[in-house]
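Q: compute the structure for the input listed below.
(chains A and B)
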Amino acid sequence: MKSLKSIVITCLGILAIAVLFFGPRAGSDVPPGRIVIDYWEKWTADEEAQMRLIVNEFNESVGKEKNIFVRYVSTSNVNQKALVATAAGVPPDVAGLWDGNLVQFAELDALEPLEEMAAAHGINSSTYKPVYWNACNYNGHLYALISTPAAVALHYNKKAFAESADALRKADLDPTRAPATIQELDAYAKVLERVDGAGHITRSGYLPMEPGWYVTSTHIWFDGDYWNPTTHKFTFTDPKVVASFAWLQSYSKRLGKDAISEFRSGTGNFDSPQNPFLTGTVVMEQQGPWMANYILNLKPSMSGVKQPYADDVFLPLELRQQHCEWAAAPFPSNEPGKTYVSLCNFDTLVIPKGSKHKQEAFEFIAYVNRQEVMERLCRMHSKNSPLAKVSQDFLTHHKNPYIKVFEDLASSPNARALPQSPILPEVGDEMNNVIQRLVLLRDEPEPALRVLQAQLQEKYDKFAEIQRIRREKAAAENKQLVEK
Amino acid sequence: MAISRLERNNLLKGLAFISPWIVGFCVFTLLPISLSLYYSFCNFTLLQGPLYRGTENYQTINADPVFWKSLRVTAYFAIVALPMGMIIALSVAMLLNVKIRGMAIYRTIVYLPSLVPAVASAMLWLWLYNPKLGLINTVLSKLGVTNLPGWVADPDWAMPALVLMSFWGVGNTVIIYLAGLQDVPRELYEAAELDGAGTWAKIRHVTLPFISPVIFFNLIIAIIGSVQSYTTPAIMTPGGGPDRAAYFYTMRLYDQAFVFLKMGEASAMAWVQLFIVLALTGIAFWSSKKWVHYQGK
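A: Numbers count the residues shown, from 1 in each chain, chains lettered A, B, ... in the order given. Okay, here's the model as predicted:
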């Protein structure tokens, strides 16, 4: 009995070892002999698939020629995963971070400087629109190139404007165009909004918090700055910044915080047919150029196109715009004479520190930044191009019939990127909290911003002090090494 | 005391058999815990090496109003949700302990919500709590309530909403109570009835003392669980909800570590959290001498 037990155990052991060594393996689609570049990207769904097309094209063309294979992985929280992997010394070779993480990662020495490799590929400041190029550079180094960019514009429902034409004219407002100043925007919003007898908002003309993705950048349209990159001081008490926060709060004061909260709770998800802009319950809102894609996918009738709508891009641009129930225009500025003011966001391609194949990784980044490739990707994502040169075909046959508005916004001298602060995620978090307190009418702009400025300045000063100590320590260690 | 050769052999064999666990525990639990204690005294961003700063992190979190707010939010949840949850679970367990037809169905119904994943529950409750379209406010308005709560969208209602939702998952606790209740000998109730005890007296003098070890177990688990609450509030009130009304301690800890890259401060918060849990369980253990009765003692 005992020997039988031993035989069974031995057989099972041999079987386990055999399976371990000779068992099935996950299939690999990496062609033999190629250098593998791991590329982690944040996108999911259509955007992920569209970037995969570009990756596949690279693998079949430049990749084949230069013996490189890009292994593309779509993952959530890409910044946090790239951070942990970089800290562990096993980073991806290319990561698609958000622009808001760029300076934070660069300051903590987590990114490879790209300027030399970029220069070798002929990529320099003249390649890009200035707003994007400047935002990719920090402390004299180029830390990222762009995968796809955006510019924020006002999107408005032309049909709702037309339906309220008489009321708009009565208020001395032109129903055939978008508001040009903040005062006009407020006036349009008042005429277009609908409030029932019980005080419930049934349709909003404009609400700063809907969808509220860019509220922390409202100061841009008020020509203010909350961060001085030269003195490294926060300037939240700048009257223009205070005015922008007061404007955000003014909607709660006028319509009531509870009415706004109730209205917003009844609006559907952004990526659904219940998106309030698509249902017409929000007439004007701040959005990026991708909105055209969501309209095409979720409510094609709003773009005046017939199914299949792919052919529609070859119709004359004017005709397409004419058929659209919506339009995009520069978001109004509060500063007289300043037009085409915009926040220019972007998705980055970076090489995390510790990548084992930097040159090969940059080959892929440079490929994405070729004009024809970038335009193809941006067209699929329905975004503008970050590049200085844009083809006529891109402008006329883009899925977004208003792409010229976004191109002009991004090229404008009044285009602005996020402030280059190494503690930007914390700044954004604290600003969002102050904005919430303001729209809930729990605080007033000036005192709240004074406190915010003091708090964030203390956080920044502490961060800068630690960085100084680290630099001194590293210099001392280097000196010791040299002496030895 | 010398051990024999056989005993030494057995010891070595035993250690060999549990070595996977020992190695796993040391590498994946003990080492990170020890390192986090060290990091709590350092400036550490993950991307740069730890820089020793003494007690600076503890001083910083002590001076941080958001830290105290997150602590207050967690304390509110623990103080309100924990006792109410235990009372509700015990009451439901007692109802499920009576002998009536179809009890298996009732027990299944009570336990089912515990099987729903936390994320799915949170999404479901987000819809129930929707101030405009949600089922709860629809029913309340039908009942004539005019000033309807904004639930998780309202800073004054966010915490009550989360507390109320926490009762949805009492099924696990109910099952443990039920097992304890079924262990109470029938003859004790019969003896109490002979002594003239009514329903409340039987609960007070028979049921509760007899199941007190079970209550104690559930109390300890609930203390740890409530201080560590994360998933549900993180989904239902991302960023802490309006005016950080539901910004739980663990949410702040996570943001400090992985959003603001302040791993040192996050480690300090983790150690403060550990001491809070230790203190609370210590108090529970100390008080248990007075109210927990073990059989045979």
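
Q: I'd like to know how many residues surround the nearest residue to residue A:360 once chain neighbours are set aside.
A: Leaving aside its chain neighbours, residue A:360 sits nearest to residue A:68 (4.6 Å; criterion: CB to CB, 6 or more residues apart in numbering or on different chains). From N, CA and C alone the C-beta is placed, and that goes for glycine too. Look at residue A:68: counted by other CB atoms under 10 Å in any protein chain shown, it has 22 neighbours.

Q: nearest to chain A: which residue in chain B?
A: Of all residues in chain B, residue B:132 sits closest to chain A, at 3.3 Å by CB to the nearest CB.

Q: residue contacts, that residue?
A: Residue B:132 makes contact with A:262, A:263, A:265, A:266, according to CB atoms under 8 Å, 6 or more residues apart in numbering or on different chains.

Q: tell me the spacing between the last one and residue A:210.
A: Applying CB to CB, to the nearest Å, the value for residue A:266 to residue A:210 is 11 Å.

Q: ok so, going back, and the contacts of residue B:132 near chain B, which?
A: Near chain B, judged by CB under 8 Å from any CB of the partner chain, the entries from these are A:262, A:263, A:265, A:266.

Q: OK, contacts around the third one?
A: This points to residue A:265. B:130, B:131, B:132, B:133, B:150, B:153.

Q: which members of these are classed as buried?
A: Among those, those classed as buried by 16 or more other CB atoms under 10 Å in any protein chain shown are B:130, B:131, B:132, B:150, B:153.

Q: measure the second one to residue A:199 for me?
A: With the distance defined as CB to CB, residue B:131 ends up 14 Å from residue A:199.

Q: next SSE downstream of the helix or strand where residue B:212 lies?
A: Using DSSP states H and E, residue B:212 sits in helix B:208-227. Using DSSP H and E, the next helix or strand after helix B:208-227 towards the C-terminus is helix B:231-236.

Q: how about exporting that following helix as PDB, limited to the C-alpha atoms?
A: Extracted in PDB, the C-alpha atoms of helix B:231-236 (Å, rounded to 0.1, in the frame of the first residue of the first chain):
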ATOM      1  CA  THR B 231     -14.400  50.700  -2.400                       C
ATOM      2  CA  THR B 232     -18.000  51.900  -1.900                       C
ATOM      3  CA  PRO B 233     -17.200  55.600  -1.100                       C
ATOM      4  CA  ALA B 234     -14.500  55.700  -3.800                       C
ATOM      5  CA  ILE B 235     -17.100  54.700  -6.400                       C
ATOM      6  CA  MET B 236     -20.100  56.500  -5.100                       C
END
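
Q: name the residues of that helix that are buried.
A: The neighbour-count check on helix B:231-236 (16+ other CB under 10 Å) flags B:232, B:233, B:234, B:235, B:236 as buried.

Q: ok, residue B:123 - contacts?
A: Here residue B:123 is in contact with residue B:235 (CB under 8 Å, 6+ apart).

Q: how about the residues of the stretch 1-150 of chain A near chain B?
A: A:80, A:83, A:84, A:86, A:87, A:104, A:105, A:108, A:109, A:110.

Q: out of these, what pair is the most spread apart?
A: A:80 and A:109 (17.6 Å; CB to CB).

Q: who's in contact with residue 208?
A: I went with chain A, as the question did not name one. A:215, A:218, A:247, A:248, A:251, A:439.

Q: look at chain B instead
A: Contacts for residue B:208 (CB under 8 Å, 6+ apart) come out as residue B:215.
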